[in-house]
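Novice: Provided below for reference: sequence and predicted model.
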Amino acid sequence: MSDRPIALDEYPIHQVPLSLRHVATGDRNAYDRCIFHVLDHSGRALLIAGLGVYPNTGVIDAYATLRLGDRLHAVRASDALTDDRMALTVGPLSITVEEPLARLRLTCAADPGDPDGLAYDLTWTAAFPATWEPHHTQYRGDRLTLQARRFVQAGTCTGRIRVAGEEIAVTAGEWTGTRDRSWGVRPIPGEDPGRAGEELRTEGFHWIWCPVRFDDRFVMVIVQEDADGYRTLNEARLVRPDRPDVQLGWPHTDITYRPGTRHPERAVLHLTGPAREPLDLTAEVLTSSPLAVGAGYPPADPHDDWQHGTWRGRGWTDRRVYDLKDPAAHPHAAYGVTDHAARFTLDGRTGYGIFEHGSFGRHDPSGFADYAAVAPEADR
């Protein structure tokens, strides 16, 4: 790799005395990534798309998945990272920042050899200001394994999706878009975890990430808990244009799981308004997309499928269709985070967004004793 300056070095945006080719840490797990959710209010379709850069492993990759009925259509691409960090294109997948924090274009080019394959051209337009999520750190034993900065935003989407011989119109009044932008250090495959991986396996992990768009407001809720219910990450925030953000207390959650699973069907997130009034944010799951299937999130097996940040060689592109009715087609899905498109209600308003959830191992507040525990049949 050349040690010469790159184009971004022309601008006075440096944070450390290094070229902008380099990040300030030598940790191989350094990353810079985004994810978009585009959901149909009827629950018919959920598109998830993202792109990531891994500067210390020299990889850039991207993905898109579309849940339509019981089929998950996936496109993934990976390549060598170049010095042009403004070019957010990998194979057929592109993200164009048309106006920072306001308007982005998401495209997936059609595969000439597969006319039924996934393709789209969408404009994502912000409806509310981007807002920071809490600074996220996570340890395994004494080792810092995750340190990330994130912002989240909600908006509208317009454009077209084409798949399986069908063209789907994406309209602002019938679709919602959310997105998350993050960077820092986060584990990617390929590193020996050492003792931390073998001896310090977590007993349990419980996660909720919930961005919701209403007509006049945006609500963001985050809950991360250990096996005993100890809260390690917490956020409940109300965002409105041209007004200060409002904190909505310490969220408590009641989740109704599908019997025999940890798949949520409904949830109530108990919030608190500025006058200490109780506010219940209710979620009704419309459709779901497990991030371990197609989207490259662990625990997908990188030898059998694909995980973020893994080197697949130059110009690698892969397209697949998964049958979500067949558990054998996605054996790791139950042990990974799932994004649920949901209809929400709050204080008489109806909104749409994502109820992202993962609950693995023991979680005392939910009554899960270990990794094998699921909701009892008697719950229904």
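Specialist: Arrived safely.
Novice: quick one: the helices in the stretch 151-300 of the chain?
Specialist: Shown for the stretch 151-300 of the chain, the helices assigned by DSSP state H, counting those that start in this stretch span residues 194-198.
Novice: Quick one: the strands in it, in order.
Specialist: Assigned by DSSP state E, counting those that start in this stretch, the stretch 151-300 of the chain shows strands spanning 166-170, 175-185, 204-213, 218-226, 231-239, 246-247, 252-257, 264-272, 278-290.
Novice: Export these to TSV and append columns for mean neighbour count.
Specialist: All C-beta spots, glycine's among them, are computed from the backbone N, C-alpha and C. Listed next are these as TSV, based on neighbours: other Cβ atoms under 10 Å:
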stretch	mean neighbour count
strand 166-170	14
strand 175-185	22
strand 204-213	23
strand 218-226	22
strand 231-239	18
strand 246-247	14
strand 252-257	17
strand 264-272	19
strand 278-290	19
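Novice: Ok, which of these comes nearest residue 323?
Specialist: Judged by Cβ to Cβ, the one of these that comes nearest to residue 323 is strand 278-290, at 12.7 Å.
Novice: Tell me who's in contact with the closest residue to residue 96 other than its chain neighbours.
Specialist: Distances taken as Cβ to Cβ, 6 or more residues apart in numbering place residue 105 nearest to residue 96, at 4.2 Å, with adjacent residues excluded. By Cβ atoms under 8 Å, 6 or more residues apart in numbering, residue 105 lies in contact with 94, 95, 96, 98, 121, 122, 123, 124.
Novice: wait, which of these is closest to residue 215?
Specialist: For the contacts of residue 105, the closest approach to residue 215 (Cβ to Cβ) belongs to residue 124, at 17.7 Å.
Novice: Backbone dihedrals for that closest one, please?
Specialist: In terms of degrees, to the nearest 10, the main-chain angles of residue 124 are phi -100, psi 120.
Novice: Does it touch residue 35 like I think?
Specialist: No. The pair residue 124 / residue 35 is not scored as a contact, 11.7 Å apart, by Cβ atoms under 8 Å.
Novice: list the residues that contact both of the two?
Specialist: Contact with both residue 124 and residue 35 is made by residues residue 179, according to Cβ under 8 Å, 6+ apart.
Novice: Looking only at neighbour counts, state which of those two leads.
Specialist: Each of residue 124 and residue 35 has its neighbours counted (other Cβ atoms under 10 Å); residue 124 has more, 25 against 22.
Novice: Now do the more buried one against residue 92, distance only.
Specialist: Counting by Cβ to Cβ, to the nearest Å, the gap from residue 124 to residue 92 is 18 Å.
Novice: Just give the nearest non-adjacent residue to residue 367, would you?
Specialist: Using Cβ to Cβ, 6+ apart and skipping the chain neighbours, the partner closest in space to residue 367 is residue 373 (7.6 Å).
Novice: ah, wrong one, I meant residue 241
Specialist: Of all residues not flanking residue 241 in the chain, residue 128 sits nearest, at 6.2 Å (Cβ to Cβ, 6+ apart).
Novice: For that neighbour, the count of nearby residues, please.
Specialist: Look at residue 128: counted by other Cβ under 10 Å, it has 20 neighbours.
Novice: low pLDDT regions in the stretch 101-250 of the chain?
Specialist: 192-201 (pLDDT under 70).
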